[in-house]
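Enquirer: Show me the folded form of this:
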Amino acid sequence: MGDILSQEEIDKLLNALSSGEVDAEEMKNADERTVKDYDFKRPAKFSKEHLRTLELIFEHYGRLMSTNLPVYLRKNIQVSVISSETVTFNEFTNALSNPVILGIVNFQPLQGNILIDLTSSLGYAFIDRMLGGTGEPLDKLRDFSEIEMGILYKIMTVSAQLLREPWKNVIEVEPVLERIETNTQFAQIIAPNEMIAIVTLNVKMGEIEGFLNICIPFMTIETIIDNLNTKFWFTNMVSNDAGDHRQDIENLLRRVDVPIKAVLGKSQIAVSDFLMLQPGDIIRLDRRVDNELDVYVGMFKKFTAVPGTDHDRYAVRVTTVYREEDEES
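Expert: Numbering: from 1, shown residues only. From the prediction side, this is the model:
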């Protein structure tokens with residue numbers, strides 16, 4: 001209900017109308033509200049706040065891709081968010097051309113899947129780079145071979161796993177790449193008229209540029225849609241940063257492969273003698289059989305040990321630990 005005017009306010013309004021200071025037609029038009037058309041075939045399930053939060057999530061995702069993919073491609077890449085929009089799933093698939101690279105990702109624990117659409121030109125450039133080339137796309141598109149699909153599966157698997165950290169501020173997800181489709185007809189994960197959010201990223205590798213589209217169906221994130229707001233996202237980001245990451249770092253370090261070698265001894269021989277070596281020949285080393293062995297971790301001497309066996313395998317038993325402050329003898 002509108003505000004009730006006092007008798008004094010009514011008198012002032014009537015006087016203003018009589019003197020011409022206020023136009024009655026203008027007052028009438030001011031009360032008319034603008035009516036917007038609502039298309040029930042395209043319900044607005046994603047708000048601007050939802051799309052803005054998705055852009056923040058995938059800005060973080062783009063930074064992770066720029067850091068991790070060069071390990072496999074051996075070339076710097078730049079990934080940035082271009083836009084976000086909502087369309088129907090049918091409109092999204094109709095805009096794609098064959099062949100496509102569609103990674104279908106199981107977004108556990110959420111119900112449903114999301115799609116990662118990689119431009120074909122980028123896919124060919126990635127394949128060329130992984131096979132030792134300069135990273136040039138093909139002039140004419142063609143279907144991918146089985147070997148090329150295996151290479152793409154590796155890249156798409158890494159891309160899917162990188163989704164875990166950016167979504168941590170909203171929900172803990174365990175994304176798993178289920179399969180890759182090159183035909184849109186085999187990637188119908190939802191009904192054609194369902195609404196989806198599309199976040200488009202620009203991927204640049206050298207002179208090659210292309211798009212990476214992330215397709216997120218509303219039904220997949222419907223249960224957490226209320227958490228897709230910037231306030232919730234930033235609040236969780238601050239709380240996560242305030243935690244102790246010592247255990248996380250230790251867990252990551254435990255999975256690092258480190259080469260270890262035990263050196264029996266050293267010797268110098270002529271190249272001609274080396275070429276004439278036969279089974280049963282003896283090479284004299286600079287150590288006695290009762291001397292301890294030097295054990296190297298990577299390029300650094302870390303232990304001394306004595307040789308032996310463990311069941312049917314050769315082994316060493318560590319006797320002393322070599323520290324950085326110790327001087328080598």
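
Enquirer: switch to C-alpha atoms for all contacts and neighbour counts from now on
Expert: Noted.

Enquirer: can you pull out the helices in the stretch 1-150 of the chain?
Expert: 7-19, 24-30, 48-73, 89-94, 120-130, 146-161 (DSSP state H, counting those that start in this stretch).

Enquirer: Dump the ones you listed into a markdown table; add mean pLDDT and distance to residue 269 as well.
Expert: Converted to a markdown table, the helices of the stretch 1-150 of the chain look like this (pLDDT from 0 to 100; distance: least, CA to CA, whole Å):
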| stretch | mean pLDDT | distance to residue 269 |
| --- | --- | --- |
| helix 7-19 | 74 | 112 |
| helix 24-30 | 58 | 101 |
| helix 48-73 | 89 | 39 |
| helix 89-94 | 88 | 68 |
| helix 120-130 | 88 | 40 |
| helix 146-161 | 91 | 44 |
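
Enquirer: Could you dump these into a markdown table with mean neighbour count and distance to residue 168 added?
Expert: Shown next, in a markdown table, are the helices of the stretch 1-150 of the chain (neighbours: other CA atoms under 10 Å; distance: least, CA to CA, whole Å):
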| stretch | mean neighbour count | distance to residue 168 |
| --- | --- | --- |
| helix 7-19 | 11 | 57 |
| helix 24-30 | 9 | 47 |
| helix 48-73 | 18 | 9 |
| helix 89-94 | 15 | 26 |
| helix 120-130 | 21 | 28 |
| helix 146-161 | 17 | 12 |
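
Enquirer: Serialize those to a markdown table and add fields for distance to residue 215.
Expert: Shown next, in a markdown table, are the helices of the stretch 1-150 of the chain (distance: least, CA to CA, whole Å):
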| stretch | distance to residue 215 |
| --- | --- |
| helix 7-19 | 56 |
| helix 24-30 | 42 |
| helix 48-73 | 11 |
| helix 89-94 | 9 |
| helix 120-130 | 17 |
| helix 146-161 | 13 |
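
Enquirer: Of the ones you listed, which is nearest residue 190?
Expert: Residue 190 lies closest, by CA to CA, to one member of these: helix 89-94, at 7.5 Å.

Enquirer: Tell me which of the helices of the stretch 1-150 of the chain lies nearest to residue 308.
Expert: The nearest among those, by CA to CA, is helix 48-73 at 38.6 Å.

Enquirer: where exactly do the strands run in this protein?
Expert: 77-88, 101-108, 113-118, 174-181, 195-205, 208-217, 260-263, 293-297, 300-310, 313-321 (DSSP state E).

Enquirer: Starting from the shortest one, tell me which strands it pairs with and how they run.
Expert: As defined by DSSP bridges, the strand partners of strand 260-263 come to strand 293-297 (antiparallel).

Enquirer: Could you tell me the angle between the partner strand and strand 300-310?
Expert: 120 degrees (axes from the mean of the first three to the mean of the last three CA atoms, to 10 degrees).

Enquirer: For strand 293-297, give me every contacting residue.
Expert: Strand 293-297 is contacted by residues 258-265, 301-307 when judged by CA atoms under 8 Å, 6 or more residues apart in numbering.

Enquirer: Just the buried residues of the residues you listed.
Expert: 262, 264, 301, 302, 303, 304, 305, 306, 307 (16 or more other CA atoms under 10 Å).

Enquirer: Select, out of the helices of the stretch 1-150 of the chain, the one closest to residue 288.
Expert: Using CA to CA, the nearest of those to residue 288 is helix 48-73, at 43.8 Å.
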